[in-house]
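Student: The following block contains a protein sequence and its predicted model.
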Amino acid sequence: MRRPDLLKRLWQSERGLSAMLVFLVLAIFVVAPLVASEAAGSLWFDLSFALLLLSGVVFVSRKWMHGAATLVLVIATLALRWAENASDSKVVSAASHVLSIASLAIFAWLVLIQVFREGPITSQRIQGAVAVYLLLGVIWLVAYDLVYKMVPGAFRFADGADETTHHLHDLAYYSFITLTTIGYGDIVPAHPAARSLAMAEGLLGQLYPAILIARLVSMQIESRRKS
């Protein structure tokens, strides 16, 4: 069974990389700050998270089989996330976070496949590479959130407020300042698991841009030689 031509052209084009970047920017820089207020609640973050995962299925998957398998993973992830909101079970919470990390990691890998496939380096490919960088920050955000929920006192906050008042927005902020190795010091990992994650993210934040630039430059040079 063939996909409709319109969907086929959309799925196999590089426009999906731009769409993924737009969803990520909205989720990180618009929705995440709204979650910090009680009026917004975590529902907005869950909706943006669902939109992000579904956009990965629609825009990144290039084959029916891959798309179907990814869709099943996305549905399971979203079901567990919403079950987590209605349950206090740490098992459900841990499973939800692990599946979320797996889903985001798969999407990051699929985007990189598109970015590094043969051909000239376009603006959409560069946007896809930026999207992967943001996805890394979101993956670590989910990992920090898992440690935050499983281990009381895993993070120390400089303002001295009760740690229960800090959540996704603060951890998103911490994830991206760690990824970019800014490190203001207002949030400090206190538990060994949190420290290990922070070290790994800081290293990746340094290595990814260097490797990415070198790879894209070599691909562009090779593309010009063949043309």
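Tutor: Thanks, I have the structure now. Numbers count the residues shown, from 1 in each chain.
Student: My guess is L73 contacts V98. True?
Tutor: No. Between L73 and V98 there is no contact under C-beta atoms under 8 Å: 11.4 Å. C-beta coordinates here come from the backbone N, C-alpha and C atoms, glycine included.
Student: the more surrounded of the two?
Tutor: Neighbour totals were compared for L73 and V98, and L73 leads with 18 against 15 (other C-beta atoms under 10 Å).
Student: Figure out the helix or strand that that one lives in.
Tutor: Assigned by DSSP states H and E, L73 belongs to helix 64-85.
Student: same thing with L21?
Tutor: Assigned by DSSP H and E, L21 falls within helix 15-26.
Student: So which bits of that helix are buried?
Tutor: Neighbour-count burial for helix 15-26 flags G16, L17, S18, A19, M20, L21, F23, L24 (criterion: 16 or more other C-beta atoms under 10 Å).
Student: packing partners for it?
Tutor: Packed against helix 15-26, as judged by 3 or more C-beta pairs under 8 Å, 6 or more residues apart in numbering; DSSP states H and E, are the following elements: helix 41-60, helix 90-115, helix 123-150.
Student: at 10 Å what do you get?
Tutor: helix 5-12, helix 41-60, helix 90-115, helix 123-150 (3 or more C-beta pairs under 10 Å, 6 or more residues apart in numbering; DSSP states H and E).
Student: which of the ones you listed has the lowest average pLDDT?
Tutor: Least confident of these, judged by mean pLDDT, is helix 5-12 with a mean of 50.
Student: what angle do the helix holding L73 and helix 123-150 make?
Tutor: 30 degrees (axes from the mean of the first three to the mean of the last three C-alpha atoms, to 10 degrees).
Student: chain center to helix 64-85: distance?
Tutor: Taking C-alpha atoms, centre = their mean, to the nearest Å, one finds the center of helix 64-85 at 15 Å from the center of the full chain.
Student: Over it, what's the mean pLDDT, rounded is fine.
Tutor: For helix 64-85, mean pLDDT rounds to 76.
Student: okay, that helix in PDB with CA atoms only?
Tutor: Taking Å, rounded to 0.1, in the frame of the first residue of the first chain, the C-alpha atoms of helix 64-85 are listed here in PDB:
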ATOM      1  CA  TRP A  64       5.900   2.900   6.700                       C
ATOM      2  CA  MET A  65       7.500   0.300   8.900                       C
ATOM      3  CA  HIS A  66       9.700   2.700  10.700                       C
ATOM      4  CA  GLY A  67       6.800   5.200  11.100                       C
ATOM      5  CA  ALA A  68       4.400   2.500  12.500                       C
ATOM      6  CA  ALA A  69       7.000   1.200  15.000                       C
ATOM      7  CA  THR A  70       7.800   4.800  16.100                       C
ATOM      8  CA  LEU A  71       4.100   5.600  16.400                       C
ATOM      9  CA  VAL A  72       3.500   2.600  18.700                       C
ATOM     10  CA  LEU A  73       6.400   3.900  20.900                       C
ATOM     11  CA  VAL A  74       5.000   7.400  20.900                       C
ATOM     12  CA  ILE A  75       1.500   6.200  21.900                       C
ATOM     13  CA  ALA A  76       3.000   4.100  24.700                       C
ATOM     14  CA  THR A  77       5.100   7.100  25.900                       C
ATOM     15  CA  LEU A  78       2.100   9.500  25.900                       C
ATOM     16  CA  ALA A  79      -0.100   7.000  27.600                       C
ATOM     17  CA  LEU A  80       2.400   6.500  30.400                       C
ATOM     18  CA  ARG A  81       3.000  10.300  30.700                       C
ATOM     19  CA  TRP A  82      -0.700  10.900  31.200                       C
ATOM     20  CA  ALA A  83      -1.000   7.900  33.600                       C
ATOM     21  CA  GLU A  84       1.900   9.400  35.600                       C
ATOM     22  CA  ASN A  85      -0.200  12.600  36.100                       C
END
